[in-house]
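Undergrad: Provide a 3D model corresponding to the input given below.
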Amino acid sequence: MKMNLSQFATQCHRLIKSEPGPAGRAKLASLLQEVLLDSEFVNTYVDPSVGERTILHEDPELGFCILAHHYDDAKTSMPHDHAHSWAIYGQARGETEMRDYELISAASADQPGKVRHTRTYTLSPGMAHVYNEGDLHSPKRVLSTSLIRIEGTNMAKVKRFKYEPVS
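TA: Next comes the predicted model:
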């Protein structure tokens, strides 16, 4: 194994602390792509027992999280953003069809926002993609898939609004 989880988390911390904006996240995505190409790293930290959401590391200073996800079956998510945060999706196994959206009308606590589909692309093993604050997207998984995702904050603790696609 070229890098273990502790070493990866330390490098993530350095990158986020030194460049907390989109340029730093692009570098973080490149680092994630490196570990995704390391089959020993992937097999060690992203085996099927991790389930749909397992936090591998939560940074005590900066609050970012490194997560492992494994989906046995097909799963499609509705369009969403990461509220005031960001996320980087890194494909470990299988493929994820991602759809991006543009905002048509804002969401509120009482009413879903409206979004329009703008593009579709596939994340294959070894690929990582950054979703900055406000980037609207939805993943679709047809077969078994695994990924490593880095969140700017623990999204399980964040209230998010709903969005609905329109034609």
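
Undergrad: now the helices: where do they sit in this protein?
TA: 5-18, 22-36, 39-45 (DSSP state H).

Undergrad: Of those, which stretch is the most buried?
TA: Most buried of the helices of the chain by mean neighbour count (mean count of other C-beta atoms under 10 Å) is helix 22-36; its value is a mean of 18. The C-beta positions use only the backbone N, C-alpha and C, and glycine is treated the same way.

Undergrad: what's the angle from it to helix 5-18?
TA: Interaxial angle, helix 22-36 versus helix 5-18 (axes from the mean of the first three to the mean of the last three C-alpha atoms, to 10 degrees): 170 degrees.

Undergrad: and helix 22-36, average pLDDT?
TA: Averaged across helix 22-36, the pLDDT comes to 97.

Undergrad: Extract the C-alpha set from that helix and format it as CSV.
TA: Extracted C-alpha coordinates of helix 22-36, given in CSV (Å, rounded to 0.1, in the frame of the first residue of the first chain):
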residue,chain,number,x,y,z
PRO,A,22,-11.9,25.5,-5.1
ALA,A,23,-8.2,25.4,-6.2
GLY,A,24,-7.3,23.4,-3.1
ARG,A,25,-10.2,21.1,-3.7
ALA,A,26,-9.0,20.4,-7.2
LYS,A,27,-5.7,19.3,-5.7
LEU,A,28,-7.5,17.2,-3.2
ALA,A,29,-9.4,15.5,-6.0
SER,A,30,-6.1,14.7,-7.7
LEU,A,31,-4.8,13.2,-4.4
LEU,A,32,-8.0,11.1,-4.1
GLN,A,33,-7.5,9.8,-7.6
GLU,A,34,-4.1,8.6,-6.6
VAL,A,35,-5.4,6.5,-3.7
LEU,A,36,-8.3,5.3,-5.8
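
Undergrad: residues making contact with it?
TA: Applying C-beta atoms under 8 Å, 6 or more residues apart in numbering, the set of residues contacting helix 22-36 from outside is 2-3, 8, 11-12, 15-16, 18-19, 41-42, 86, 88, 90-92, 125-130, 132, 148, 150.
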